[in-house]
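Undergrad: Pasted the sequence and its predicted model underneath.
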Amino acid sequence: MLDSRPASFPTTAGVLLGLGLGAFFDGIVFHQLLQWHHMLSGWYPLNSIDNIRLNTTWDGLFHSAAYVLVLAGLYQLWQGARGSELRWSRWQCLGTVLLGWGIFNLVEGVIDHEILGLHQVNETVPEGQRIFWDIGFLLWGAAMMVMGAAMARAGGREDVHAQGSLQAR
C-alpha cells in the first residue's frame, strides 16, 4: 500500500543551506565588510602585498566552497520536492538552516580559530581580547544549533498533528 502522506521537509537540504549561508555571512561580513580577518591571516598576516594576495585568493576559495554548499542544499531541496508532495514547514526549514549555520560556526570556530590558528574572529583588537571574540562566535553557533534543533523538532510535531487532523476528516 502506498503512503499518501506528504514527505517531510528534507533536513539535509536545510543543513547544507545553513552551512553555505553561514560561510557566506562569515566571508562577506567578517572578511570583507569589517575586515577583521581573512582566511589565512593568522598564518600570513596582512603586512605585505604577497600576503594580501594569498589571503584574498583563499577567501575566494572559501566563498567558492560556500557557493557549492548552497547549490548542494538547493539541489537536495529540489530533489525532495520533485515528484512528491513535500510538506513545507517554515519551522523545519528555518530550524534546519539555523542548525547548519550553527554547525558551521562551531566547526569553523574550533578547527580554524583554535586548532589550526588560521585566523581569529576579530584580529583588530589586542591579542589578549581575541579569545573572547572566538568564544562569542562559538556560543553564537551553539545557540543557533539549539534553537534550530528545537524549531525543526517543533515543525515535525506540527506535521504529526496536522496529519492526524487531516486523517480524521
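TA: Cool, the structure landed. Residues are numbered from 1 along each chain as shown.

Undergrad: Let me know the average pLDDT across stretch 18-33.
TA: In this model, stretch 18-33 carries a mean pLDDT of 97.

Undergrad: List of residues touching that stretch?
TA: The contact list for stretch 18-33, computed with Cβ atoms under 8 Å, 6 or more residues apart in numbering, reads 36-39, 59, 62-63, 65-73, 96-105, 108, 121, 148. All C-beta spots, glycine's among them, are computed from the backbone N, C-alpha and C.

Undergrad: What of stretch 139-146?
TA: 98, 99, 101, 102, 103, 104, 105, 106, 109.

Undergrad: and the longest helix along the chain, what's its mean pLDDT?
TA: Assignment by DSSP state H gives helix 130-168 as the longest helix of the chain. Helix 130-168 shows an average pLDDT of 81 in the prediction.

Undergrad: repeat for stretch 98-118
TA: The average pLDDT within stretch 98-118 is 97.

Undergrad: Which positions in it come out as buried?
TA: 98-106, 108-109, 112-113, 118 (16 or more other Cβ atoms under 10 Å).

Undergrad: Can you give me the end-to-end span of that stretch?
TA: Terminal residues of stretch 98-118 are spaced 24 Å apart (Cα to Cα, to the nearest Å).

Undergrad: so how far is that stretch from its chain's centroid?
TA: 10 Å (Cα atoms, centre = their mean, to the nearest Å).

Undergrad: before we move on, what about stretch 108-121?
TA: 16 Å.

Undergrad: same question, stretch 126-133
TA: On Cα atoms, centre = their mean, the centre of stretch 126-133 falls 24 Å from the chain's centre.

Undergrad: ditto for stretch 44-64
TA: Distance, centroid of stretch 44-64 to centroid of chain: 22 Å (Cα atoms, centre = their mean).

Undergrad: Can you list the buried residues in that stretch?
TA: 44, 46, 51, 54, 55, 56, 58, 59, 62, 63.

Undergrad: Would you mind putting these into TSV with secondary structure and pLDDT alongside?
TA: Converted to TSV, these look like this (DSSP: H, G, I helix; E, B strand; the rest coil; pLDDT from 0 to 100):
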residue	secondary structure	pLDDT
44	coil	98
46	coil	94
51	helix	97
54	helix	98
55	helix	97
56	helix	97
58	helix	98
59	helix	97
62	helix	98
63	helix	98
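
Undergrad: so which of these would you say is closest to residue 87?
TA: Checking these against residue 87 with Cβ to Cβ, the nearest one is residue 63 at 32.7 Å.

Undergrad: residues contacting that closest one?
TA: So residue 63 contacts 23, 24, 27 (Cβ under 8 Å, 6+ apart).

Undergrad: mind checking how far it is from residue 92?
TA: 27 Å (Cβ to Cβ, to the nearest Å).
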